[in-house]
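Colleague: got a predicted structure plus its sequence, pasted below:
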Amino acid sequence: MMPPRLLPRLALSLPAAVFAVCTLCALALQPAPACAVPKLDSGLATVQDRMRGLLNSVEIRLQRRPPQMEDLEARERLRPLRRSDRVGRASYGAILDGASKLQDQARLHFVNSVWNSLRYASDRELYGREDYWATPAETASRGAGDCEDLAIAKYYTLRDLGQAADSLRLMLVSLHGTGEPHMLVCVRGKGEARCLDNRYRRLLSSREAALAYKPLVSASERLAVMHLSPTPKPRPEVRLASNAQSRLTRSAGRPRF
């Protein structure tokens, strides 16, 4: 039996104990940060920002760009696409002149449509390789390309039209459900970013693209970025606003950074 002289002292300590327990419980139940970024011990990447980036991802800036990007730029400088070169049925000069008369999304849609009109073909068929990043001149001369070839051509066409390099990204993604690799071009501008994709005739918003793809890595002339994004729960009621008629040939290439 507890000694009587200890009862008053215990009674006085109960409120303090209850308060401490409640405080600990409240702290333990606080939600985790929505955009938590894991620490990278390798030192190869630094956190660019903790805000949502392209395709609803968290962006982590890498110190080095993919070697494919550097090789592509070297080959493109040696043989850029000239105004006299043919892209489909029109000269590249006529395409640039037509696009320069358009503004914002109309210009992006025009560039997307021009390169999407070319035939889809794998790197194996065109170059005898499993994976090859063709320059716009190579893609135009063959009149065909796979998903990364067409994305690269759109990227350089927009650069020729004066689009700032900081606003453009070549983005490697994977399809939700299948994990199939794919590449598209994302353009940051006023409002939400827009994506140019050879699988769709129309432009996709960044949020729409996030419904179809998981972002992996993106790159431009000045930077390379790794993308972290949560795995979305299946939502059959949410569908990308397109139909079979607006969807082009499914890309079978496997672009790799």
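Modeller: Structure's in. What do you need?

Colleague: now for Lys101, how many residues are close by?
Modeller: Number of residues near Lys101 (other Cβ atoms under 10 Å) recorded here: 9. Any C-beta I mention is one placed from the backbone N, CA and C, and that applies to glycine too.

Colleague: distance-wise, check it relative to Ala94.
Modeller: Using Cβ to Cβ, to the nearest Å, Lys101 is found at 11 Å from Ala94.

Colleague: try Ala151
Modeller: In terms of Cβ to Cβ, Ala151 sits 22 Å off from Ala94.

Colleague: more neighbours: which of those two?
Modeller: Neighbour count, other Cβ under 10 Å: between Ala151 and Ala94, Ala151 has more, with 27 against 13.

Colleague: apart from its neighbours in sequence, what residue is nearest that one?
Modeller: Leaving aside its chain neighbours, Ala151 sits nearest to Met183 (4.6 Å; criterion: Cβ to Cβ, 6 or more residues apart in numbering).

Colleague: same check, this time on Ser84
Modeller: What sits nearest to Ser84 in space, not counting adjacent residues and going by Cβ to Cβ, 6+ apart, is Ser91, at 6.1 Å.

Colleague: what's the neighbour count on Pro230?
Modeller: Per other Cβ under 10 Å, the neighbour tally for Pro230 reads 11.

Colleague: ok, now Glu130?
Modeller: Quick note: Glu130 (other Cβ under 10 Å) scores 11 neighbours.

Colleague: quick one on the thing from earlier: hmm, the residue nearest to Ala151 is touching Leu175, no?
Modeller: No: judged on Cβ atoms under 8 Å, Met183 makes no contact with Leu175 at a distance of 11.6 Å.

Colleague: in terms of neighbours, single out the busier of those two.
Modeller: Taking other Cβ under 10 Å, Met183 and Leu175 do not tie; Met183 has more neighbours (28 against 15).

Colleague: is the more buried one in a helix, a strand, or coil?
Modeller: Three-state assignment for Met183 (DSSP: H, G, I helix; E, B strand; the rest coil): strand.

Colleague: repeat that for Thr178.
Modeller: Recorded secondary structure, Thr178: coil (three-state DSSP).

Colleague: if I look at it, how far off is Pro67?
Modeller: Plainly put, Thr178 is 27 Å away from Pro67 if you go by Cβ to Cβ.

Colleague: hey, where'd the strands end up in the stretch 101-250 of the chain?
Modeller: 119-120, 144-145, 168-175, 181-187, 194-196, 204-205, 213-219, 224-228 (DSSP state E, counting those that start in this stretch).

Colleague: restricting to C-alpha, output the third one in PDB.
Modeller: Just to be clear, that refers to strand 168-175. Provided in PDB are the C-alpha atoms of strand 168-175 (Å, rounded to 0.1, in the frame of the first residue of the first chain):
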ATOM      1  CA  LEU A 168      12.900  23.900 -72.600                       C
ATOM      2  CA  ARG A 169      13.500  20.400 -71.400                       C
ATOM      3  CA  LEU A 170      13.900  17.000 -73.100                       C
ATOM      4  CA  MET A 171      12.200  14.700 -70.700                       C
ATOM      5  CA  LEU A 172      12.600  11.000 -70.300                       C
ATOM      6  CA  VAL A 173       9.400   9.400 -68.800                       C
ATOM      7  CA  SER A 174       7.900   6.000 -68.400                       C
ATOM      8  CA  LEU A 175       4.300   5.100 -69.200                       C
END
